[in-house]
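S.K.: next input, structure requested:
(one chain, ligands or ions: 2)
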Amino acid sequence: MVSPPEIHLCQPGAEMSCGACCGLYNYADSSRESLAARLRGRTALYGAWGRTPEDLEAFAAEIRRREDGTKRYEVIYCCEYLGFLDREERRVGCLLHPCQNGGRDLRGVSFYGRELCDGHFCPSYHYLSREEKLALLMIIDDWYLWGLVVTDIDLVKAYFRLAAEAVSEMPKPAAFSDREVRGRAGDFFALKLNWPYRSDDVRRFGKYYFDGSQYMIRPIPYDRLHCDPSPFDGIFKSLTSEFRSREEIQRAEDLIRAHIASFREAYERWREKPLTAPASCS
Ligand code: SF4
Ligand code: SF4
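M.R.: Ligands and ions are numbered 1, 2, ... in the order given. Prediction:
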């Protein structure tokens with residue numbers, strides 16, 4: 001038996017959710033628009049589809065027929081049963097889950113099968129600290145960004161380590177209820193979407209790339225660019241960076257430093273605010 005996690009990262013609430021291990025980001029075109037169109041189409045089709053095992057297998061075949069299935073990495077399965085779970089299209093998740101089917105668990109027809117789907121908790125559950133998870137839950141409110149960030153343990157740990165050094169303590173989860181603190185941290189994690197030095201090679205995902213047989217981490221060629229390894233090397237790799245010159249690396253470092261300084265300013269302002277007295281019960 002897998003014990004249920006204290007903080008749920010897959011479906012943390014009504015605001016957002018994750019589908020990364022179901023292959024969400026493994027399409028060659030994993031842009032927000034493209035993934036949203038896929039998920040929307042599947043949910044609409046599923047609503048009008050039968051629920052017998054034969055129906056559900058036909059559903060997967062129909063999805064494969066309709067969609068462009070070109071993947072980033074052939075070895076990672078992209079599950080056809082991932083869709084949007086709500087009308088507002090804020091939560092991505094499993095269409096076969098009991099919550100979507102009046103209590104019936106239909107995941108047995110899927111590629112991974114019911115047991116694997118039900119019992120899988122990715123490394124982020126184990127390696128992110130409670131404080132990091134709570135902070136992320138307050139910082140991010142977007143399904144597309146949530147899945148990219150919550151699975152990038154190195155990026156999350158690197159950010160909170162730099163933030164902790166800047167404010168001389170591990171940032172308190174409560175600080176992220178402050179709009180400004182939350183916004184500054186959110187701007188950093190949004191670099192996953194708008195990093196100016198991002199490689200557009202579809203075979204790269206985060207710090208990894210796939211050469212056809214195995215995953216490898218692509219090092220940043222500091223020697224060739226005539227500079228020392230950057231103190232932000234781990235962050236650069238997580239952001240799928242590709243630099244053409246030493247000057248670009250310097251500008252990228254300045255950008256990271258500016259984000260940390262901006263967080264520190266907001267956090268210190270929050271720390272100086274008087275504590276709000278609890279509401280009186282009388
Ligand atoms: S990658 Fe992790 S958080 Fe995302 S759906 Fe899978 S187990 Fe849940
Ligand atoms: S069947 Fe399994 S792999 Fe497919 S969407 Fe559901 S949980 Fe993910």
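S.K.: pretty sure Tyr27 is touching Cys78, no?
M.R.: Yes - if you go by CB atoms under 8 Å, Tyr27 and Cys78 touch, sitting 6.4 Å apart. Glycine gets a C-beta too; all of them are placed from N, C-alpha and C.
S.K.: list residues touching both of these two?
M.R.: Shared contacts of Tyr27 and Cys78 (CB atoms under 8 Å, 6 or more residues apart in numbering): 69, 71.
S.K.: those two: which has the busier surroundings?
M.R.: When Tyr27 and Cys78 are compared on other CB atoms under 10 Å, the one with more neighbours turns out to be Cys78, at 22 against 19.
S.K.: number of nearby residues for the closest residue to that one other than its chain neighbours?
M.R.: Taking CB to CB, 6 or more residues apart in numbering, and ignoring the residues beside it in sequence, Cys78 has Gly23 as its nearest neighbour in space, at 3.4 Å. The number of residues packed around Gly23, counting by other CB under 10 Å, is 20.
S.K.: need the contact list for Gly23.
M.R.: Taking CB under 8 Å, 6+ apart as the contact definition, Gly23 lies against 71, 76-79, 82.
S.K.: next: Ala20.
M.R.: With CB under 8 Å, 6+ apart as the criterion, the residues that contact Ala20 are 122, 147-148, 150-151.
S.K.: using CSV, lay out those together with pLDDT.
M.R.: Formatted as CSV, the contacts of Ala20 follow (pLDDT from 0 to 100):
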residue, pLDDT
Cys122, 94
Gly147, 96
Leu148, 96
Val150, 96
Thr151, 95
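S.K.: out of those, what pair is the most spread apart?
M.R.: Using CB to CB, the contacts of Ala20 span at most 13.0 Å, a distance reached by Cys122 and Leu148.
S.K.: neighbour count winner among those two?
M.R.: Each of Cys122 and Leu148 had its neighbours counted (other CB under 10 Å), and the higher figure belongs to Leu148 (23 against 15).
S.K.: any idea which element the more buried one lies in?
M.R.: For Leu148, the element it lies in under DSSP states H and E is helix 143-150.
S.K.: is ligand 2 contacted by that helix?
M.R.: No - for helix 143-150 and ligand 2, the contact criterion (CB under 6 Å from any ligand atom) is not met; the two come no nearer than 12.1 Å.
S.K.: specify the angle between the next helix or strand along the chain from that helix and helix 143-150 in degrees.
M.R.: Using DSSP H and E, the helix or strand that follows helix 143-150 towards the C-terminus is helix 153-167. Angle between the axes of helix 153-167 and helix 143-150 is 80 degrees (criterion: axes from the mean of the first three to the mean of the last three CA atoms, to 10 degrees).
S.K.: show me where the stretch 51-200 of the chain has its helices.
M.R.: Taking DSSP state H, counting those that start in this stretch, the helices of the stretch 51-200 of the chain run over residues 53-66, 114-119, 123-127, 130-139, 143-150, 153-167, 179-189, 191-194.
S.K.: may I see the buried residues of stretch 235-253?
M.R.: By 16 or more other CB atoms under 10 Å, the buried positions in stretch 235-253 come out as 235-243, 249, 252-253.
S.K.: among those residues, which two are most distant?
M.R.: Greatest spacing in the buried residues of stretch 235-253, by CB to CB: Thr240 and Glu253 (16.6 Å).
S.K.: close to ligand 2: what parts of the stretch 51-200 of the chain are there?
M.R.: Applying CB under 6 Å from any ligand atom, we find that the stretch 51-200 of the chain lies next to ligand 2 at 79, 81-82, 94, 96, 107, 110, 112, 117.
S.K.: of these, buried ones?
M.R.: A residue is treated as buried here by neighbour count (16+ other CB under 10 Å); on that basis the buried members of these are 79, 81-82, 94, 96, 107, 110, 117.
S.K.: now stretch 136-149, how far from the centre of its chain.
M.R.: Mean C-alpha position of stretch 136-149 versus that of the full chain (CA atoms, centre = their mean, to the nearest Å) differs by 6 Å.
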